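Novice: got a sequence here, can you model it:
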Amino acid sequence: MEELSLVSRVKFAAQHSNTIVLSQTDAVNESFYDLFNQNFRRVANRDGKECLYANIAVGGISRRSRVSESFRCVMHVREIDLSSLPAPFLNRFEKYKLCVAELLTGKLERHQFLSRIVGRAKGHIQAFLSMMTLCGFIPGQTLETL
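Specialist: Alright, predicted model coming up:
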């Protein structure tokens with residue numbers, strides 16, 4: 001039932017020009033084979049306007065579904081999971097590596113108040129680490145995720 005709901009939400013996003021972020025969706029990725037490969041059929045509607053359609057599968061049933069030209073899909077994959085994914089699947093997407101620190105840096109550049117708070121927190125944590133061991137502390141990750 002959860003898989004059907006996920007497929008329906010992606011289908012809705014594709015039809016309505018939305019951008020969708022998929023993460024840990026291995027169970028349903030095959031449903032979007034044509035969508036991810038951008039294997040679209042162009043069909044003229046009654047007004048003569050060309051519309052895009054892709055086959056989207058739900059279980060063993062595949063149906064043609066409308067896809068907006070401005071639809072975008074972001075596939076989030078954890079770095080540790082990359083080696084288990086088939087190369088043909090990965091080749092369907094542009095690839096970017098992002099870490100929490102990079103995302104936080106972009107946000108901090110726009111907000112001086114947040115930048116000061118993070119700077120002070122880093123100073124306190126460095127002082128704490130010089131006196132004690134913080135189990136699970138990973139430089140460049142632990143503070144950024146807090």
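Novice: what lines up beside the helix or strand hosting Arg64 in the sheet?
Specialist: Element membership for Arg64 (DSSP states H and E) is strand 61-67. Here strand 61-67 has these sheet partners by DSSP bridges: strand 50-58 (antiparallel).
Novice: what does the partner strand rub up against?
Specialist: For strand 50-58, the external contacting residues (CB atoms under 8 Å, 6 or more residues apart in numbering) are 4, 7, 10-11, 14, 30-35, 38-45, 62-69. From N, CA and C alone the C-beta is placed, and that goes for glycine too.
Novice: which of those fall within helices?
Specialist: Members of the contacts of strand 50-58 lying in helices (criterion: DSSP state H): 4, 7, 10-11, 14, 33-35.
Novice: who's in contact with the residue lying closest to Leu6 once chain neighbours are set aside?
Specialist: Using CB to CB, 6 or more residues apart in numbering and skipping residues adjacent in sequence, the residue nearest Leu6 is Val28, 5.3 Å away. The contact partners of Val28, taken as CB under 8 Å, 6+ apart, are 3, 6-7, 10.
Novice: pLDDT (mean, whole number) over stretch 45-59?
Specialist: Average pLDDT, stretch 45-59: 88.
Novice: picking up where we left off before, which of the contacts of strand 50-58 are buried?
Specialist: In terms of neighbour count (16 or more other CB atoms under 10 Å), the buried residues within the contacts of strand 50-58 are 7, 10-11, 14, 31-35, 40, 65-67.
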